[in-house]
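Q: A structural model of the following input is requested.
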Amino acid sequence: MPELESIIRRLAALGHRTTPSRAAVIAAVLAQGGHFSVDDILRTARNVGRATVFRTMRLLTDLDILCRVLLEDGSLHYRVSRRGDHHHHLVCVSCGNVRDLEDCAVSDLVRDLAAATDYDIEGHWLEFYGRCASCRSPMAAGP
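A: Numbers count the residues shown, from 1 in each chain. As a prediction, this is how the structure comes out:
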């Protein structure tokens, strides 16, 4: 699995050890389709401790290998980040499809907010919820 090997090499280059448990979590992450929860990873990587799963998920998120997706119901999910940089999501409330937004258009807002509040803003997280074109089509509405 070239993607697994690539992530392991990247972790090693940054000084992170790759134990068999960490490799199992990474393999479980890469095997997921679409978005998934920590519980999905725990079910897939059965012999890996919960703390190891959470630590590895945090590490992969910090390295932009994973991105967090907050669903409309408040549940936190993850997905493999194909972009590898800061971005936001469009989340369909009907089918659960998650789409990356191509750019972060709130840079001016963040700068203005920092100036107005005297905060040194270190990050932000933004999701948009709605219905995708497929779910809005007449065929999806049913009879």
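Q: just checking, Val93 touches Tyr129?
A: Yes - under the criterion of CB atoms under 8 Å, Val93 makes contact with Tyr129 at 5.3 Å. C-betas here are computed from N, CA, C, even on glycine.
Q: give me the common contacts of the two.
A: Common contact partners of Val93 and Tyr129 (CB atoms under 8 Å, 6 or more residues apart in numbering): Glu72.
Q: correct me, but Thr61 touches Cys67?
A: Yes - checked against CB under 8 Å, the pair Thr61 and Cys67 is within contact range at 7.1 Å.
Q: of the two, who's got more company?
A: Between Thr61 and Cys67, counted using other CB atoms under 10 Å, the more crowded position is Cys67 (24 against 14).
Q: show me the contacts for that one.
A: Neighbour list for Cys67: 61, 78-79, 81, 83, 87, 89 [criterion: CB under 8 Å, 6+ apart].
Q: and what of His88?
A: Counting by CB under 8 Å, 6+ apart, His88 makes contact with 100-101, 104, 125-128.
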